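**Q** Next one to model:
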Amino acid sequence: TSQGDRNYNVIEGREPINEMEIVLGRGFAQTHGLSLNQEVELLPKKDRPRLKIVGILDGSGVGSFDGGAVMIMSLSTAQKVFALPGKVNSVQVILAKGVTADQAKAKITPQLPTGLRIQEPFARGMLAKEGTLSTEMALDALSVVSLVGGAFVILNSFLMNLGERRRQLAILRALGTTRSQITGLLLREALFMGVIGTALGLGLGVLLAQGLIAMQEQLLQTKLPPLKLTFEPFLTGLIVGPGMALLATWIPARRASKRPPLEAMMDRKSAPTEKPRRWTTYVGLPPLPLAAVRVVGPTQVWYPG
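**A** Numbers count the residues shown, from 1 in each chain. You can find the predicted model right below:
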């Protein structure tokens with residue numbers, strides 16, 4: 001079992017207690033046909049001692065590094081095997097709760113001898129940060145695209161839905177239903193569907209987030225912290241999802257409530273066609289040059305990237 005803050009788990013055998021004892025990753029041991037209590041040679045030479053396998057690691061934590069090609073041994077054993085008596089080439093510092101990496105680095109750096117330095121582990125190194133940053137930027141862009149695309153899908157679907165129900169709505173108007181009642185009815189329907197869609201989307205988002213974590217673990221060859229669910233994204237989704245549905249259906253609902261009942265009951269071929277509104281085109285034109293500036297600006301150093 002894992003002891004203290006050690007980020008590995010021995011699933012077979014035990015941890016190395018005596019010298020010349022090692023623990024191997026499960027994947028590496030299976031690939032090379034190695035088992036417990038077997039003796040092996042590391043970089044076979046006449047003067048290299050034989051090592052005894054006393055434990056097998058699982059695939060989490062340290063055991064996930066480099067596809068499980070991991071070996072754990074005591075410091076004294078490592079110094080003998082690699083012919084480095086009394087030397088240590090690296091030390092892993094595990095931070096206490098509430099202590100940041102920058103705080104620990106500032107406190108430890110003045111105490112180091114000349115020639116030694118502190119660097120963050122691979123999981124928090126520059127490669128991991130760049131990979132995580134690019135993923136976050138892609139997800140941010142995808143969220144904006146999904147919002148805009150979702151609004152158009154809702155708008156188009158609702159327009160088609162109202163086109164199929166124009167006679168039913170006209171009958172309600174003929175029976176005395178007011179325009180505000182028709183608008184309220186359609187908006188409540190959109191709100192209900194928006195809540196259902198948001199709930200399904202939140203559940204699917206959690207599953208996708210877990211899949212992204214697993215993908216990053218494979219890419220970085222390390223065990224990442226588990227997914228932490230907070231209240232903020234769920235609250236944001238519950239506000240933005242139904243809100244977007246209401247905004248996208250507001251104009252179609254208003255147009256449907258203002259349509260004369262007699263006109264709505266007529267056959268579509270004989271009903272007068274609506275003239276296209278130009279204001280939507282005028283609203284859509286200004287964002288185009290803004291989008292071009294946003295895309296080309298960083299490459300031309302017009303503003304910081």
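
**Q** make it CA atoms for all contacts and neighbour counts henceforth
**A** OK.

**Q** Tell me where the model's unsure across the stretch 151-300 of the chain.
**A** Counting by pLDDT under 70, the stretch 151-300 of the chain contains low-confidence residues at 220-224, 264, 267-276, 300.

**Q** List the neighbouring strands of the longest strand anywhere in the chain plus their orientation.
**A** In the chain, assigned by DSSP state E, the strand with the most residues is strand 50-57. Within its sheet, and counting by DSSP bridges, strand 50-57 is paired with strand 10-13 (antiparallel), strand 21-25 (parallel), strand 39-41 (antiparallel).

**Q** nearest to residue 170, of those strands?
**A** Proximity to residue 170 (C-alpha to C-alpha) singles out strand 10-13 among those, at 70.8 Å.

**Q** Only C-alpha atoms, please: export stretch 176-186 in CSV.
**A** Provided in CSV are the C-alpha atoms of stretch 176-186 (Å, rounded to 0.1, in the frame of the first residue of the first chain):
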residue,chain,number,x,y,z
GLY,A,176,-59.9,34.9,-27.7
THR,A,177,-56.3,34.2,-26.6
THR,A,178,-54.4,37.4,-26.4
ARG,A,179,-51.0,38.1,-28.0
SER,A,180,-49.3,38.2,-24.7
GLN,A,181,-50.7,34.9,-23.8
ILE,A,182,-49.5,33.3,-27.0
THR,A,183,-46.0,34.8,-26.5
GLY,A,184,-45.9,33.6,-22.8
LEU,A,185,-47.1,30.1,-23.9
LEU,A,186,-44.3,29.8,-26.4
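
**Q** coming back round to it: just send the strands paired with strand 50-57 back as a markdown table, with distance to residue 70 and mean pLDDT too.
**A** Output for those, formatted as a markdown table (distance: least, C-alpha to C-alpha, whole Å; pLDDT from 0 to 100):
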| stretch | distance to residue 70 | mean pLDDT |
| --- | --- | --- |
| strand 10-13 | 12 | 86 |
| strand 21-25 | 5 | 89 |
| strand 39-41 | 14 | 84 |
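
**Q** Just name the most buried of those strands.
**A** Greatest average neighbour count among these goes to strand 21-25 (a mean of 25), per mean count of other C-alpha atoms under 10 Å.

**Q** for the helix or strand following it, the distance to its chain's centre please.
**A** For strand 21-25, the following helix or strand on the C-terminal side (DSSP states H and E) is helix 26-31. Relative to its chain's centre, helix 26-31 lies at 30 Å (C-alpha atoms, centre = their mean, to the nearest Å).

**Q** now do stretch 86-95
**A** For stretch 86-95, the distance to the chain centre is 32 Å (C-alpha atoms, centre = their mean).

**Q** For that stretch, give the mean pLDDT please.
**A** The average pLDDT within stretch 86-95 is 80.

**Q** quick one: buried residues of it?
**A** Buried residues in stretch 86-95, counted by 16 or more other C-alpha atoms under 10 Å: none are found.

**Q** For that stretch, list the C-alpha coordinates in PDB.
**A** The C-alpha trace of stretch 86-95 is given here as PDB (Å, rounded to 0.1, in the frame of the first residue of the first chain):
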ATOM      1  CA  GLY A  86      27.000   9.400  -1.200                       C
ATOM      2  CA  LYS A  87      25.400  11.300  -4.100                       C
ATOM      3  CA  VAL A  88      21.800  12.400  -4.900                       C
ATOM      4  CA  ASN A  89      20.900  13.700  -8.400                       C
ATOM      5  CA  SER A  90      17.300  14.900  -7.500                       C
ATOM      6  CA  VAL A  91      15.000  15.300  -4.600                       C
ATOM      7  CA  GLN A  92      11.200  15.500  -4.900                       C
ATOM      8  CA  VAL A  93       9.500  18.000  -2.600                       C
ATOM      9  CA  ILE A  94       5.900  17.300  -1.600                       C
ATOM     10  CA  LEU A  95       4.100  20.500  -0.600                       C
END
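
**Q** re the thing from before, which one of the strands paired with strand 50-57 lies nearest to residue 194?
**A** Nearest of the strands paired with strand 50-57 (C-alpha to C-alpha): strand 10-13, 47.3 Å.

**Q** pLDDT score assigned to residue 56?
**A** 90.

**Q** Surely it and residue 16 touch.
**A** No - if you go by C-alpha atoms under 8 Å, residue 56 and residue 16 don't touch, sitting 10.6 Å apart.

**Q** So for these two, which residue has more residues nearby?
**A** residue 56 (28 against 18; other C-alpha atoms under 10 Å).

**Q** Could you measure from the more buried one over to residue 174?
**A** 79 Å (C-alpha to C-alpha, to the nearest Å).

**Q** Give me the secondary structure label for residue 289.
**A** The three-state assignment at residue 289 reads helix, by DSSP: H, G, I helix; E, B strand; the rest coil.

**Q** Present the strands paired with strand 50-57 as TSV; the columns should include distance to residue 96.
**A** Listed next are those as TSV, based on distance: least, C-alpha to C-alpha, whole Å:
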stretch	distance to residue 96
strand 10-13	23
strand 21-25	26
strand 39-41	37
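
**Q** Kind regards, and thank you for your time.
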